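Chemist: Sharing a model prediction with you, sequence too.
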Amino acid sequence: MDMEPVRDRRSRSGNGKAPLPASRRPDRAEAEEAVRTLIRWAGDDPAREGLRGTPERVVRAFSEFFSGYDSDPVELLQRTFSEIDGYDEMVVLKDIRFESHCEHHIAPIIGKAHVAYLPDKRVVGISKLARLVELYARRLQIQEKMTAQIANTLCEVLQPKGAAVVIEAAHQCMTTRGVHKPGVTMVTSSMLGAFRTDSNTRREFLAMIGTPGTHGLDNV
Ligand SMILES: [Zn+2]
């Protein structure tokens with residue numbers, strides 16, 4: 001297969017804010033000190049034995065939770081395959097489990113994403129679709145924004161006839177605090193191109209993923 005590099009559009013990448021340059025990020029020691037402050041704020045003593053290693057562990061967990069700031073979504077999809085032998089059917093990857101964090105409470109958002117596009121001239125390796133979801137999940141998010149970012153990036157880079165993203169997720173800021181409503185699933189969708197204009201295409205996609213919000217998130 002031919003590999004066709006997509007021209008660099010890094011400046012517009014991600015249709016969101018560019019990650020903070022490394023020079024403006026606090027260093028690890030400052031981040032650990034911030035965790036100590038929060039422990040004191042909660043009413044405990046960061047110097048007691050059980051908590052002594054906690055700031056370091058929390059900072060390490062943060063590096064994992066928010067590793068999506070260090071990757072460029074456009075670059076991720078750069079390697080596309082242009083020789084697709086006339087394949088013009090929908091490509092669907094469903095039930096992509098993800099863990100994200102809400103930008104209002106830094107509380108976990110756990111859910112599934114379903115991603116589809118209708119190829120025009122190029123396709124991308126299917127694992128890249130899952131990695132695209134993960135990249136945006138590993139940032140501070142709101143579900144609506146994450147849904148749009150995935151669909152927009154697919155359209156921008158692959159220039160397909162259309163792209164669709166449905167996300168169903170549970171927000172721990174709703175289930176463990178605030179209104180305390182466990183079992184509530186939020187469903188968001190972004191339909192672009194043919195998925196927006198052609199009801200048959202949209203129906204086909206929705207039939208493939210099943211009705212969101214009805215099968216629960218027990219298996220995620
Ligand atoms: Zn929240």
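Modeler: Nice, thanks for sending it over. Residues are numbered from 1 along each chain as shown.
Chemist: List the contacts of the closest residue to Phe62 other than its chain neighbours.
Modeler: Nearest non-adjacent residue to Phe62, counting by C-beta to C-beta, 6 or more residues apart in numbering: Ala31, 7.1 Å away. Using the backbone N, CA and C atoms, a C-beta is placed for each residue, glycine as well. Shown in contact with Ala31 (C-beta atoms under 8 Å, 6 or more residues apart in numbering): 55, 59, 62.
Chemist: Could you grab the helix/strand/coil label for Gln149?
Modeler: helix (DSSP: H, G, I helix; E, B strand; the rest coil).
Chemist: Tell me the spatial nearest neighbour of it, not counting adjacent residues.
Modeler: Once flanking residues are discounted, Gln149 sits nearest to Tyr136: 5.1 Å by C-beta to C-beta, 6+ apart.
Chemist: residues in contact with that neighbour?
Modeler: Residues in contact with Tyr136 (C-beta under 8 Å, 6+ apart) are 14, 68, 73, 100, 146, 149-150.
Chemist: Doesn't it belong to a helix?
Modeler: Yes. According to three-state DSSP, Tyr136 belongs to a helix.
Chemist: residue ranges with poor pLDDT in this structure?
Modeler: Residues of the chain meeting the criterion pLDDT under 70: 1-20, 22, 211-220.
Chemist: thinking again about what came up before, quick one: which of the contacts of Ala31 has the most company?
Modeler: Of the contacts of Ala31, Pro55 is surrounded by the most neighbours, 21 neighbours in total, counting by other C-beta atoms under 10 Å.
Chemist: Might one say that that residue is in contact with Leu38?
Modeler: No. When contacts are counted by C-beta atoms under 8 Å, Pro55 is not listed as touching Leu38 (9.1 Å).
Chemist: State the helix or strand in which the residue nearest to Phe62 lies.
Modeler: Using DSSP states H and E, the element containing Ala31 is helix 28-42.
Chemist: does Val157 really touch Arg79, like I thought?
Modeler: No. Counting by C-beta under 8 Å, Val157 stays clear of Arg79, with 10.4 Å between them.
Chemist: Which residue of the two possesses the greater neighbour count?
Modeler: Counted by other C-beta under 10 Å, Val157 and Arg79 do not tie: Val157 has more neighbours, with 23 against 14.
Chemist: contacting residues for Ala116?
Modeler: By C-beta under 8 Å, 6+ apart, the neighbours of Ala116 are 90-93, 163-165, 195, 205, 208-209.
Chemist: before we move on, the earlier item: want to throw the contacts of Tyr136 into JSON lines with secondary structure, neighbour count and distance to the ion?
Modeler: As requested, these are exported to JSON lines (DSSP: H, G, I helix; E, B strand; the rest coil; neighbours: other C-beta atoms under 10 Å; distance: C-beta to the ion, whole Å):
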{"residue": "Gly14", "secondary structure": "helix", "neighbour count": "21", "distance to the ion": "21"}
{"residue": "Gly68", "secondary structure": "helix", "neighbour count": "18", "distance to the ion": "17"}
{"residue": "Pro73", "secondary structure": "helix", "neighbour count": "23", "distance to the ion": "23"}
{"residue": "Ser100", "secondary structure": "strand", "neighbour count": "28", "distance to the ion": "11"}
{"residue": "Met146", "secondary structure": "helix", "neighbour count": "25", "distance to the ion": "13"}
{"residue": "Gln149", "secondary structure": "helix", "neighbour count": "22", "distance to the ion": "18"}
{"residue": "Ile150", "secondary structure": "helix", "neighbour count": "26", "distance to the ion": "20"}
